[in-house]
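**Student:** generate a structure from the sequence data that follows.
(chains A, B, C and D)
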Number of protein chains: 2
Amino acid sequence: MAEKSSIRDCIVDAAKKRFSHFGYAKTTMAEVAGDCEMSPGNLYRFFPGKLDIAEAIATEDYSKHLEHLRKLAMQPGKDARERLHDLLFEELRRTYHKLEKDPRAFEMARVISQERPSFANWMLENERKILIELLDEAERRGEFKTDDKEFAAEMVQAATMKFRYPQLWSKLTLPKLERELEGVMNLLIFGLCPHLQEYRRSATQAAE
Amino acid sequence: MAEKSSIRDCIVDAAKKRFSHFGYAKTTMAEVAGDCEMSPGNLYRFFPGKLDIAEAIATEDYSKHLEHLRKLAMQPGKDARERLHDLLFEELRRTYHKLEKDPRAFEMARVISQERPSFANWMLENERKILIELLDEAERRGEFKTDDKEFAAEMVQAATMKFRYPQLWSKLTLPKLERELEGVMNLLIFGLCPHLQEYRRSATQAAE
DNA sequence: AGACTGAATGATCTGTTGATTATTCAGGAT
DNA sequence: ATCCTGAATAATCAACAGATCATTCAGTCT
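**Tutor:** Purely as a prediction, here's the structure:
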């Protein structure tokens, strides 16, 4: 019984090493099984298929990232604007760097989001929960104001879609993406309508 | 001399028919040449290559669309909010319908934006000019307020990227996309900060 | 019985060969 | 000289054979 999970870990570990070293496609189930000193068939008692091993790795990795995002969204001593800024920029930078320098990670991201669209949805949902908490707290402090937090969080995600899988959509460099994200974020916060000119100016200056 | 352009038109016409009937890949230069009663080699006196014929067709088609967008952006008797709404929705609906029901159009869009990324940029620029005019005029009337129109227009485009090539990004249905675009647009106009609650409520109600 | 193996299966990938076809260009017509 | 042709070229595509590999499952071991 206690064995079960350590065998599972062995599989995930072996797969992690091979996927990141040789790539997802070039790694065979037989190799992973061999690393754990078992037959290929036995893997299927622990995972429904190869993709599920990849998903397990991605989930593990992503969970750590989520924790980090949650901390950024809750930083004491920063106002809602700054925390939203940190949250959105962290996501942009993380995916950018991850996919930029590591073709293996890029391959896995592509395969998983292609074959398991629900995984990408699950990630969005998790991040949305964080966004909602941020919006909620911001409203309590009178910083933001929205009728429907769930909907507003969805809209923030829709508007920042371009920055979530940056290299899938454009070939902009990170500095250009950051400049754009900064601009979109300000638009989302302050809108196009004239209002609160004072606060607006001081807040954007404080950012840089 | 006057001939030259009518020969060009013949080529574009023939290609348009074949591309939309059999698809871009399945149409050969020899066939297009045959339709215009000329040899394949002669096509190259009018176009640098096959892709340029496709681009000419796309440009012609898109120019008409641009005119239409310009009219929407300048409608008298509508406020800036409504005109921006019409502009963004028209773009969403046009591409959605075009790519939805016509696999040929989808193929051509894919090929052109893949092989000629500058074409997509050119389209964005054109639309940005319209947006800038809209923002300019809105500021004169005191409806919107932005420091840098060019930049603001770029940001509006960045935030609505998801709705520009809807089926490349997601598999949402048109109604869901429209609901999201409505939401993103309101966020762009009013922002998250609390302000002008009265105007906000009446404007969103008027929209639907 | 429960944990596991490894050969069998069918799907997918790879490499190869023979078209097909975009593009060029030497020359022919006007 | 200008416009055009069509064979030549080289690149890309399609089809097919063979190999590889994920997945299954009848049967072995403990």
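
**Student:** which residues does the most centrally placed residue in chain A contact?
**Tutor:** Central residue of chain A (Cα atoms, centre = their mean): A:E91, 5.8 Å from the mean position. By Cβ atoms under 8 Å, 6 or more residues apart in numbering or on different chains, the contact set of A:E91 is A:L69, A:E127, A:F163, A:R164. The C-beta positions use only the backbone N, C-alpha and C, and glycine is treated the same way.

**Student:** tell me who's in contact with the second one.
**Tutor:** By Cβ under 8 Å, 6+ apart, the contact set of A:E127 is A:L66, A:L69, A:E91, A:Q157.

**Student:** okay, the last one: pLDDT?
**Tutor:** pLDDT for A:Q157: 97.

**Student:** from A:G23, how far out is the closest residue to A:L43 other than its chain neighbours?
**Tutor:** Nearest residue to A:L43, sequence neighbours excluded (Cβ to Cβ, 6 or more residues apart in numbering or on different chains): A:A33, at 5.4 Å. When distance is defined by Cβ to Cβ, to the nearest Å, A:A33 is 18 Å away from A:G23.

**Student:** okay, the two: which has more neighbours?
**Tutor:** Using other Cβ atoms under 10 Å in any protein chain shown as the criterion, A:A33 and A:G23 rank with A:A33 on top: 18 against 15.

**Student:** average pLDDT across the helix or strand hosting that one?
**Tutor:** In this structure, A:A33 sits in helix A:29-35 according to DSSP states H and E. Helix A:29-35 shows a mean pLDDT of 98.

**Student:** tell me which helix or strand comes right after it.
**Tutor:** Beyond helix A:29-35 on the C-terminal side, the first helix or strand identified by DSSP H and E is helix A:40-43.

**Student:** any stretches of chain A with poor pLDDT?
**Tutor:** Along chain A, segments meeting pLDDT under 70 span A:1-4, A:195-208.

**Student:** please name the nearest non-neighbouring residue to A:E180.
**Tutor:** Distances taken as Cβ to Cβ, 6+ apart place B:A158 nearest to A:E180, at 4.9 Å, with adjacent residues excluded.

**Student:** didn't that neighbour look like it was pressed against A:G183?
**Tutor:** Yes. Look at B:A158 against A:G183 with Cβ atoms under 8 Å: they come within range, at 7.2 Å.

**Student:** for the two, indicate the residue with more neighbours.
**Tutor:** B:A158 (21 against 18).

**Student:** list the contacts for that one?
**Tutor:** If a contact means Cβ under 8 Å, 6+ apart, then B:A158 has A:K162, A:E180, A:G183, A:V184 as its contacts.

**Student:** need phi/psi at the first one.
**Tutor:** Put plainly, it is A:K162. Main-chain torsions, A:K162, degrees, to the nearest 10: phi -60, psi -30.

**Student:** out of the contacts of A:E91, what pair is the most spread apart?
**Tutor:** Greatest spatial distance among the contacts of A:E91 (Cβ to Cβ): A:L69 and A:F163, at 14.1 Å.

**Student:** next, count neighbours for A:W169.
**Tutor:** By other Cβ under 10 Å, neighbour count at A:W169 equals 17.

**Student:** and the furthest pair within the contacts of B:A158?
**Tutor:** Among those, A:K162 and A:G183 lie farthest apart (Cβ to Cβ), at 11.6 Å.

**Student:** out of everything not next to it in sequence, what's closest to the residue of chain A positioned farthest from its centre?
**Tutor:** Centroid-distance maximum for chain A: A:S39 at 34.5 Å, with Cα atoms, centre = their mean. Closest residue to A:S39 apart from its sequence neighbours, by Cβ to Cβ, 6+ apart: A:A33 at 5.9 Å.

**Student:** the one you found is in contact with A:N42, isn't it?
**Tutor:** Yes. Between A:A33 and A:N42 there is a contact at 6.5 Å, judged by Cβ under 8 Å.

**Student:** buried residues in stretch A:10-18?
**Tutor:** Neighbour-count burial for stretch A:10-18, counted by 16 or more other Cβ atoms under 10 Å in any protein chain shown, picks out A:C10, A:I11, A:V12, A:A14, A:A15, A:K16, A:R18.

**Student:** want to throw those into JSON lines with distance to DNA strand D and secondary structure?
**Tutor:** Below are those laid out as JSON lines (distance: Cβ to the nearest atom of the strand, whole Å; DSSP: H, G, I helix; E, B strand; the rest coil):
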{"residue": "A:C10", "distance to DNA strand D": "17", "secondary structure": "helix"}
{"residue": "A:I11", "distance to DNA strand D": "12", "secondary structure": "helix"}
{"residue": "A:V12", "distance to DNA strand D": "14", "secondary structure": "helix"}
{"residue": "A:A14", "distance to DNA strand D": "13", "secondary structure": "helix"}
{"residue": "A:A15", "distance to DNA strand D": "10", "secondary structure": "helix"}
{"residue": "A:K16", "distance to DNA strand D": "15", "secondary structure": "helix"}
{"residue": "A:R18", "distance to DNA strand D": "10", "secondary structure": "helix"}
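
**Student:** fine by me, thanks again.
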